[in-house]
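**Student:** I'll drop the sequence and a predicted model, then ask my questions.
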Amino acid sequence: MVGVNDGDTLTCLDESNQQQKVRLADIDAPELSQDFGKVSREALASMVFGKTVEVVDEGKDRYGRWIGHLSVNGIDVNRQMVATGNAWHYAAYSHDDSLAAVQSQAQSQRIGLWAQPSPQPPWEYRASAGKTPPST
């Protein structure tokens, strides 16, 4: 693990010791400049930093980042980010409909970002800031 960019993107070393940027599939985390953005990044960092991360590749996005499902010691990192209220299920780009139920449970328990009065989804935040949404 080289670094955690935000709550849904990190840079790691592959088997050839080359740096690879990986965008977590099926989720979207708050931007760093957004409420809860730094908390989300720290949550991801605590799960992966200094650990061996297994990445199941789902191809590349238009920015050249790998899209992937991460696991650490058998824990599904993508799912855990949603379950702990540190990311949204990114339904528009997701192939895992079960994450909607995981998000609903976090919302009903007011966990993480769901403890805020009205959290703004990152895709809406980016649109209001004039930023291009990531294609995952």
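**Tutor:** Arrived safely, thanks for sending.
**Student:** nearest spatial neighbour of residue 80, skipping sequence neighbours?
**Tutor:** The shortest distance from residue 80 to any non-neighbouring residue, by Cβ to Cβ, 6 or more residues apart in numbering, is to residue 47 (6.5 Å). C-betas here are computed from N, CA, C, even on glycine.
**Student:** ok, the one you found - contacts?
**Tutor:** The neighbours of residue 47, taking Cβ atoms under 8 Å, 6 or more residues apart in numbering as the test, are 72, 75, 77, 80-81.
**Student:** so which of the residues you listed belong to helices?
**Tutor:** Judged by DSSP state H, the contacts of residue 47 include 77, 80-81 as members of helices.
**Student:** end-to-end on stretch 74-86?
**Tutor:** 19 Å (Cα to Cα, to the nearest Å).
**Student:** just give me how far it sits from the chain centre.
**Tutor:** Centroid displacement of stretch 74-86 relative to its chain, using Cα atoms, centre = their mean, to the nearest Å, is 8 Å.
**Student:** before we move on, what about stretch 34-45?
**Tutor:** 10 Å.
**Student:** likewise stretch 96-107?
**Tutor:** The answer for stretch 96-107 is 14 Å, by Cα atoms, centre = their mean.
**Student:** returning to that earlier point: surely the residue nearest to residue 80 is within a helix?
**Tutor:** Yes: assigned with DSSP: H, G, I helix; E, B strand; the rest coil, residue 47 falls within a helix.
**Student:** residue contacts, residue 6?
**Tutor:** 29-32, 37, 40-41, 44.
**Student:** kindly report the same for residue 95.
**Tutor:** 25-26 are the contacts of residue 95 under Cβ under 8 Å, 6+ apart.
**Student:** at 7 Å what do you get?
**Tutor:** residue 26 (Cβ atoms under 7 Å, 6 or more residues apart in numbering).
**Student:** if I look at it, what pLDDT would I see?
**Tutor:** Note on residue 95: pLDDT of 87.
**Student:** please apply the same query to residue 52.
**Tutor:** Reading off the model, residue 52 has pLDDT 89.
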